[in-house]
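**Student:** any chance you could fold what I've pasted below:
(one chain, ligands or ions: 1)
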Amino acid sequence: MGFRRLIKTSSILAGMAMLSGMTAMSAFAADTLGQPTDGAIDLQPAAAPLKHDAIFFHDVILMPIITAITLLVLALLIWIAVRYNRKSNPVPAKFSHNTVVEIIWTVVPVLILVFIAFFSFSLLRKYHDMPKPDVVVKATGFQWYWAYDYPELGVEGVESRVLTEEDAKKAGKPYLLAADNALVVPVGKVVHVKVTAFDVIHAFALPAFGLKTDAVPGRLNDTWFKAEKVGTYYGQCSELCGVDHAYMPIEIKVVTDAEFDDYIIKAGGKTKAMLATEARAAQTQAAADAAKAAADAEAAATASATAPATETAPAAAAETPAIAATAAVPAATPAQ
Ligand SMILES: [Cu+2]
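**Tutor:** I've put the predicted structure just below:
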């Protein structure tokens, strides 16, 4: 009788759990991209490849296993409590040990862990094996703010500090997540972040991109993302780093290519296109210089061959323009 009532209660509980699961789903649908949402549960929605993979690992691999194990243990507890209490089972069995059962409850958890490890390591590999970068950014943690560099584009020391509550409200941004200077990156491009720290250990973390990388003084850690949508994304320092740990947010602003180039130029740097043009010009200049030097050398050689031997420019001096130039100063260089 008591057992039936328990079954009834547990089915009601299961129904409630399903209902709350459905509300969670609707909360999930209303989530704001790039920042936490009041009253929502579950992970923040993804805006980069690593986060999609992390959500798959959590939702499809881990949660079903955790739920199944929890329900199994709950069912066993209920079964034991109902079937083997003193009233239902006045004469208990006296045996102990059962080899078959013990082998099963050792081997099955090992198999479950191996199954989880397979997906876990493949996710770790995705974090580790980074695609070729389009933009490289260096993020340095300070007590208590972040500084960003674009080493290849010549932009250095963009300091990023928390907005005051008043300024955040004025800007319509979330307080404690918004910064005065965001890290600006182009959309749809592979961004490598070299993470380090100046003083103590911080951590560069941003949920929507699936980032969480320790910032350790004297060490460069790598992470990467490829933002899928233009917008503003928020994260926080995620390693307790001192009294203002809560006041060093990470704001990443994802913009179009053109806007990114504008930003780099305004920040005093050079865009990839500018650098490529400069490199091409330098190459052309170098080729022209080499051609001119060769022509000069040839002309000098011809001149020394035709000129009388009393001249100060010997044939050997024509080998390189530098030596030719030295030889052209008669007082300093004794004639051979
Ligand atoms: Cu910190």
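
**Student:** from here on, just use CA atoms for contacts and neighbour counts.
**Tutor:** OK.

**Student:** for the ion, what's the nearest residue on the stretch 201-336 of the chain?
**Tutor:** residue 202 (4.0 Å; C-alpha to the ion).

**Student:** what sits against that residue?
**Tutor:** Counting by C-alpha atoms under 8 Å, 6 or more residues apart in numbering, residue 202 touches 141, 142, 214, 215, 216, 237, 238, 239, 240, 241.

**Student:** how near is the second one to residue 173?
**Tutor:** Same thing as residue 142. Residue 142 sits at a distance of 23 Å from residue 173 (criterion: C-alpha to C-alpha, to the nearest Å).

**Student:** quick one: which of the two has more around it?
**Tutor:** residue 142 (20 against 15; other C-alpha atoms under 10 Å).

**Student:** can you tell me which residues contact the more buried one?
**Tutor:** Per C-alpha under 8 Å, 6+ apart, neighbours of residue 142: 197, 198, 199, 200, 202.

**Student:** got the residues you listed as JSON lines, with distance to residue 114 and secondary structure columns?
**Tutor:** JSON lines is the format used below for these (distance: C-alpha to C-alpha, whole Å; DSSP: H, G, I helix; E, B strand; the rest coil):
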{"residue": "197", "distance to residue 114": "36", "secondary structure": "strand"}
{"residue": "198", "distance to residue 114": "39", "secondary structure": "coil"}
{"residue": "199", "distance to residue 114": "39", "secondary structure": "coil"}
{"residue": "200", "distance to residue 114": "36", "secondary structure": "coil"}
{"residue": "202", "distance to residue 114": "32", "secondary structure": "strand"}
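
**Student:** picking up where we left off before, which pLDDT value belongs to the residue of the stretch 201-336 of the chain closest to the ion?
**Tutor:** Looking at residue 202, its pLDDT is 98.

**Student:** tell me which residues form a beta bridge with it?
**Tutor:** residue 215 (DSSP bridges).

**Student:** how far away is it from residue 254?
**Tutor:** Taking C-alpha to C-alpha, one finds residue 202 at 23 Å from residue 254.

**Student:** flag every residue of the protein that's near the ion.
**Tutor:** Residues of the chain found near the ion (C-alpha under 5 Å from the ion) are 202, 237, 241, 245.

**Student:** tell me which of those fall in helices.
**Tutor:** If you go by DSSP state H, the residues of the chain next to the ion have nothing in helices.

**Student:** so which of these sit within strands?
**Tutor:** Members of the residues of the chain next to the ion lying in strands (criterion: DSSP state E): 202, 237.

**Student:** who wins on neighbours among the residues of the chain next to the ion?
**Tutor:** residue 202 (31 neighbours).

**Student:** which residues touch residue 65?
**Tutor:** Counting by C-alpha under 8 Å, 6+ apart, residue 65 has no contacts.

**Student:** is it within a helix or a strand, and which one?
**Tutor:** Take DSSP states H and E as the rule and residue 65 turns out to sit in helix 63-83.

**Student:** and that helix, how far out from the chain's middle?
**Tutor:** Remark: helix 63-83 is offset 39 Å from the chain centroid, using C-alpha atoms, centre = their mean, to the nearest Å.

**Student:** where does the prediction get shaky in the stretch 1-150 of the chain?
**Tutor:** In the predicted model, the stretch 1-150 of the chain carries pLDDT under 70 at residues 1-29.

**Student:** mind listing the helices for it?
**Tutor:** 2-29, 49-56, 63-83, 99-128 (DSSP state H, counting those that start in this stretch).

**Student:** pLDDT wise, what is residue 300 at?
**Tutor:** Note on residue 300: pLDDT of 88.

**Student:** burial of it, as a residue count?
**Tutor:** 22.

**Student:** same check, this time on residue 242
**Tutor:** Neighbourhood size, residue 242 [other C-alpha under 10 Å]: 12.

**Student:** wait, doesn't it sit right on residue 199?
**Tutor:** No: the criterion here is C-alpha atoms under 8 Å, and residue 242 misses it with residue 199 at 10.6 Å.

**Student:** which neighbours do these two share?
**Tutor:** With C-alpha under 8 Å, 6+ apart as the test, residue 242 and residue 199 both reach residue 143.

**Student:** quick check: residue 178 touching residue 169?
**Tutor:** No: Residue 178 is beyond contact range of residue 169, at 10.0 Å (criterion: C-alpha under 8 Å).

**Student:** pick out whichever of those two has more residues nearby.
**Tutor:** Using other C-alpha under 10 Å as the criterion, residue 178 and residue 169 rank with residue 178 on top: 31 against 13.

**Student:** residues in contact with that one?
**Tutor:** Contacts of residue 178 (C-alpha under 8 Å, 6+ apart): 162, 163, 168, 234, 249, 250, 251.

**Student:** and of those residues, the nearest to residue 103?
**Tutor:** Among the contacts of residue 178, residue 234 lies closest to residue 103 (C-alpha to C-alpha), at 48.3 Å.

**Student:** for the closest one, which non-adjacent residue is closest in space?
**Tutor:** residue 251 (4.7 Å; C-alpha to C-alpha, 6 or more residues apart in numbering).

**Student:** wait, what's in contact with the one you found?
**Tutor:** So residue 251 contacts 177, 178, 179, 181, 182, 183, 232, 233, 234, 235 (C-alpha under 8 Å, 6+ apart).

**Student:** go again with 6 Å.
**Tutor:** Shown in contact with residue 251 (C-alpha atoms under 6 Å, 6 or more residues apart in numbering): 178, 179, 182, 233, 234.
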